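J.: Sequence and predicted structure are below.
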Amino acid sequence: MPIITYQGNSYECSSDQTLLDGVNSQGANLPYGCRSGLCQGCLVKAVKGTPPASAQMGIKPTLKEKGYFLSCLCKPESDFEISRPDRRDEFSSATVTELEYLNQTVIKVVTSCPDTFSYKPGQFVNIIRLADGLARSYSLACIPSDGHLEFHIRLLADGKMSSWIADDLKCGDEVLLSEAMGDCCYRDAYADRPLLLAGTGTGLAPLYGILRDALSSGHRRQIRLLHGGLSSDDLYFDPVLSQLAAEHDNLSYIPCVLHGETPEGGLSGSIDTLIAAQLESERDWAAFLCGDSAIVSAMRRSCFSQGVDENSIHSDAFG
Ligand SMILES: Cc1cc2nc3c(=O)[nH]c(=O)nc-3n(C[C@H](O)[C@H](O)[C@H](O)COP(=O)(O)OP(=O)(O)OC[C@H]3O[C@@H](n4cnc5c(N)ncnc54)[C@H](O)[C@@H]3O)c2cc1C
């Protein structure tokens, strides 16, 4: 009977049961999810032994090459030594190169761009803490020609990841990154349509990437960017966006606040109401809406009620 070695213990596993069931029935406690090869929650690495191709279905080629397989699909015919996945095999490694407070609660994090990493501006990645695998999603506030990755991270007083970034992360530290995900991205087919970009707080991060992608792709119609905050203190990228608007005739930057003094060239009020008024000026808008989920839903309703085609409304809600 094949012997499976895991964390220094040996388990006999008959070839009529899966490796996952065989070792777990003897107390190994291997993690798993769907047990049918879909979720990859039972992914393990063969340290010794060659996994059958049938147990590597759907796994990334880079992981297959490193001996990864799904223990729920593997009926072992020979001995194996297995280990839990090594995070460095699963994710890309990046080095932190810059940390800068953009206001009291938003920090800009810049990292190197891993060699094999590809993305579309507006997508997001999971940033993973190397020590324990803590992971949170953050949007890419950059475009590939920057050569580095940029994130805008809002600090929450009791937030696990954001407090760690504020208190412990340093330039030179390594973080892990998942693949880029999401499709809240500029499309070349929008080049001759007016664009509305709207978001609150760090919802600006993906919008900044989308905006620069549109500008560098030669977008021909007008672009209106509305960045909202409770007060003008929250408009953390005001100088950068004002400068960009000064450089591009087809870009209007409209800072929006809920309370306090109205910023120069800006508006006061709830951003979902303010965007409805903006949309009255033209037809055929495409809209990108990002940030807090409740506000994204309200903005989506405003766009829809102003006749923006549902397929032309793209959003990233921050959970
Ligand atoms: C697709 C996507 C993209 C995202 N992009 C960004 C981004 O670019 N920048 C960014 O700052 N965040 C972004 N987020 C949010 C981010 O993933 C984390 O949820 C956030 O940083 C909080 O993580 P934390 O570990 O610090 O807090 P946690 O320890 O997870 O939470 C601490 C406390 O704060 C509350 N909380 C969690 N998230 C929020 C929130 N967003 N607003 C208010 N309260 C909250 C929780 O309910 C909890 O009580 C994105 C989320 C998604 C899903």
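T.: Great, that's in hand.

J.: and the gap between the residue in the chain that the ligand sits nearest to and Val175?
T.: Using CB to the nearest ligand atom, the closest approach of the chain to the ligand is made by Gly159 at 2.2 Å. To be clear about C-beta, it is placed using only N, CA and C from the backbone, and glycine gets the same treatment. For Gly159, the distance to Val175 equals 16 Å [CB to CB, to the nearest Å].

J.: In terms of neighbours, single out the busier of these two.
T.: Val175 (21 against 14; other CB atoms under 10 Å).

J.: So which bits of the helix or strand containing that one are buried?
T.: Assigned by DSSP states H and E, Val175 belongs to strand 174-177. Residues of strand 174-177 classed as buried: 175-177 (neighbour count, 16 or more other CB atoms under 10 Å).

J.: now for the very next helix or strand once past that strand, which elements pack on it?
T.: On the C-terminal side of strand 174-177, the nearest following helix or strand under DSSP H and E is strand 195-200. When contacts are defined as 3 or more CB pairs under 8 Å, 6 or more residues apart in numbering; DSSP states H and E, strand 195-200 sits against helix 204-216, strand 223-229, helix 271-279, strand 286-291, helix 293-305.

J.: need the residues of the chain near the ligand, please.
T.: Applying CB under 6 Å from any ligand atom, one finds that the chain approaches the ligand through 124, 136-139, 152-154, 156, 158-162, 202, 205, 316, 318-319.

J.: Would you mind checking the residues you listed for buried ones?
T.: 124, 136, 138-139, 152-154, 161-162, 202, 205, 316, 318.

J.: could I get these as TSV with secondary structure?
T.: Output for those, formatted as TSV (DSSP: H, G, I helix; E, B strand; the rest coil):
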residue	secondary structure
Phe124	strand
Arg136	strand
Tyr138	strand
Ser139	strand
His152	strand
Ile153	strand
Arg154	strand
Met161	helix
Ser162	helix
Thr202	helix
Ala205	helix
Asp316	strand
Phe318	coil
